[in-house]
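S.K.: Build the 3D model from these lines:
(one chain, ligands or ions: 4)
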Amino acid sequence: MEEIKNFKEDSNGSLVASKYIKQGETVLCVPPLTAGPGRGHTAVCLGCCTRPETALVACSGCGWPLCDQNCKNFHFPQECEAFKGEKCDPATFNEATNIYDYILPLRVSNILKAGNKELLEKAAKVDVKTVIKSVREKHEKSERSIKEKLTKFKVSNDEIERSVSLLERYCIPLDNGARGLYPETMKLTHSCSPNTYFIGLSNGWCIYRAAVDINEGDLITTLHIPTCVDKCNYFRSKILQESGIKCSCDRCTDSTELGTGFGSLLCTNCQNFVAPEKPGEFSSAWKCVGCGSVEDGSKCTGILDRLNKQILDLPKAATQRDPIKLENIIREKPGDWSRVPDSHQLILDVRKQLAFTYQYHTDYYFPKCDFLNKKENHCKLWLEQMEILAPGWSYEKVLMKYELGSAMTSKIQAMKEGGFQSSEVNDQCYKATEMVEEPIKMMIEEEELSLCTALKQIKMIAIEAREEQKTRVYLNMWADDEEEDW
Ligand SMILES: [Zn+2]
Ligand SMILES: [Zn+2]
Ligand SMILES: [Zn+2]
Ligand SMILES: [Zn+2]
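M.R.: Ligands and ions are numbered 1, 2, ... in the order given. Sure thing, here's the model as predicted:
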């Protein structure tokens, strides 16, 4: 691969665009400083971090997994030597396990020990205590095994915490649960409306592309914690805090999140948005933007926490979810749900659940206009809201657009069976074809083309359905003519 670095450092050490970068164009493409297995996964090659199609082999030096005896990229001779005293049973290469969890933190601690300036600078800025606390809560078993092993390799407790927190804060997920660390991407500024989207490739490299057009000199921004993009201020601030990130983007500094009410409550007096008086201070007073009435912050966050728990408690498998119950939450807004506006994250979470339930749940497998219309609507409303909060291209949106496209093409079938007018069916074919154009344009640039292929299939189905419609119209016209002649 070829390195691409369309950026330069400004006086604060932040990265800005070194030229005009068009939407979808590569902003940076770089190899990792180091990479290694993630937490609790099956083995990957310690040399290149991939999982070969054929089986992994045991390194002839130390017995740990490699894709091939010659693949030693990150498996340096010193590491091979050190691992000789550690047992690794090849029979466990295919099991999900914590035994590989320590390798990447060990590699990072070695790089820090060797005095890598860039990494040391970043490590010094990480809020180690906060990050370690949340990591230990989330990955207790993994953290214990890392600590035990690294202590054995004579890494001090401080160094362990520094390496783990640095990784937690900055690493990028690769294929098969592996993770990579990149000095360049650590310099990117976090924003909850980022102007880039990124992916870690299976060869360890990472690519950041422009989510929107970026002008020369513009700050390049990223989501250091990708999962926070579709969370509202309140829940997002918790996630960012756990990672020690202080964000001052437009979303975080505006209590109504760009006027959307994505994290607001509804005022019981005037139905306007109620949001924290001081942005980011959720336990202080919340105030109505309409009538000015004030509510206790902890009461407001309590409502959000309770409703969020209801969503978290929903079954993970689509077949176990109850679409009727979910539709009811949106329509009837029972209990505390009446306090959140339609534009609230939690309502959009329900819509997202429904988008990934219809067509997956066995009761909603065969195309029917009724539920496909609902799915179309849920997808569209979610996408519209996300476009305001984080404009431009992103993988989250592409997945939702795939769902939308799939509902739209399925509806063509349902409309034909339901005896809809040709012109109406053709219109649906046209809309479906047009809808997938943009996500195809985005995904065609990717290394991994399966989603692009799936989107192209949707387009083909819609085009073919339209062609088929035309033929039917011609046949009918011909049949009518014949009848008149007779
Ligand atoms: Zn390899
Ligand atoms: Zn080895
Ligand atoms: Zn932010
Ligand atoms: Zn009010």
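S.K.: quick one: M186 and I172 touch, right?
M.R.: No. Taking Cβ atoms under 8 Å as the definition, M186 is not a contact partner of I172, at 10.0 Å. Glycine gets a C-beta too; all of them are placed from N, C-alpha and C.
S.K.: where exactly do the helices run in the stretch 51-200 of the chain?
M.R.: In the stretch 51-200 of the chain, helices defined by DSSP state H, counting those that start in this stretch lie at 77-83, 103-113, 117-125, 128-138, 140-152, 157-170, listed in chain order.
S.K.: of all these, which lies closest to A317?
M.R.: In terms of Cβ to Cβ, the element of the helices of the stretch 51-200 of the chain nearest to A317 is helix 128-138, at 22.7 Å.
S.K.: residues from the stretch 251-400 of the chain in reach of ligand 3?
M.R.: Residues of the stretch 251-400 of the chain lying close to ligand 3 by Cβ under 5 Å from the ion are C252.
S.K.: Determine which residue belonging to the stretch 251-400 of the chain approaches ligand 2 most closely.
M.R.: Residue nearest to ligand 2 within the stretch 251-400 of the chain: Y395 (35.0 Å; Cβ to the ion).
S.K.: Does that residue touch Y197 like I think?
M.R.: Yes. Between Y395 and Y197 there is a contact under Cβ under 8 Å: 6.1 Å.
S.K.: near ligand 1, which residues of the stretch 351-486 of the chain?
M.R.: Going by Cβ under 5 Å from the ion, none of the residues of the stretch 351-486 of the chain are near ligand 1.
S.K.: can you list the weak-confidence ranges in the stretch 351-486 of the chain?
M.R.: Scanning the stretch 351-486 of the chain for pLDDT under 70 picks out the ranges 472-486.
S.K.: wait, what's in contact with L326?
M.R.: 314, 350, 353-354, 357 (Cβ atoms under 8 Å, 6 or more residues apart in numbering).
S.K.: again with L56
M.R.: 43-45, 65-67, 90, 93.
S.K.: Mark which of these are buried, thanks.
M.R.: 43-45, 65-67, 93 (16 or more other Cβ atoms under 10 Å).
S.K.: which one among the residues you listed gets closest to V57?
M.R.: The closest of the buried ones among the contacts of L56, once distances to V57 are taken by Cβ to Cβ, is L66, at 5.7 Å.
S.K.: ok, that closest one touching C59?
M.R.: Yes. Using Cβ under 8 Å, L66 is in contact with C59, at 4.8 Å.
S.K.: quick one: common contacting residues for these two?
M.R.: 46, 75.
S.K.: The residue lying closest to V128 once chain neighbours are set aside: how many residues sit nearby?
M.R.: Excluding its sequence neighbours, the residue lying closest to V128 (Cβ to Cβ, 6 or more residues apart in numbering) is S165, at 4.6 Å. Look at S165: counted by other Cβ atoms under 10 Å, it has 24 neighbours.
S.K.: Let's see the pLDDT reported for S165.
M.R.: On pLDDT, S165 comes in at 94.
S.K.: if I pick it, what's in contact with it?
M.R.: Taking Cβ under 8 Å, 6+ apart as the test, what S165 contacts is 123, 126-128, 131-132, 135, 244.
S.K.: if you set the cut-off to 10 Å instead, what comes out?
M.R.: Residues near S165 by Cβ atoms under 10 Å, 6 or more residues apart in numbering: 105, 123, 126-135, 243-244.
S.K.: Y395 and Y197: which is more packed in?
M.R.: The residue with more neighbours, out of Y395 and Y197, is Y197; 25 against 15, by other Cβ under 10 Å.
S.K.: beta partners for that one?
M.R.: Taking DSSP bridges as the rule, Y197 bridges to R209.
S.K.: My read is that it contacts T222, right?
M.R.: Yes. Y197 is within contact range of T222, at 8.2 Å (criterion: Cβ atoms under 10 Å).
S.K.: overlap in contacts of those two?
M.R.: Common neighbours of Y197 and T222 (Cβ under 10 Å, 6+ apart) are 27, 208, 211.
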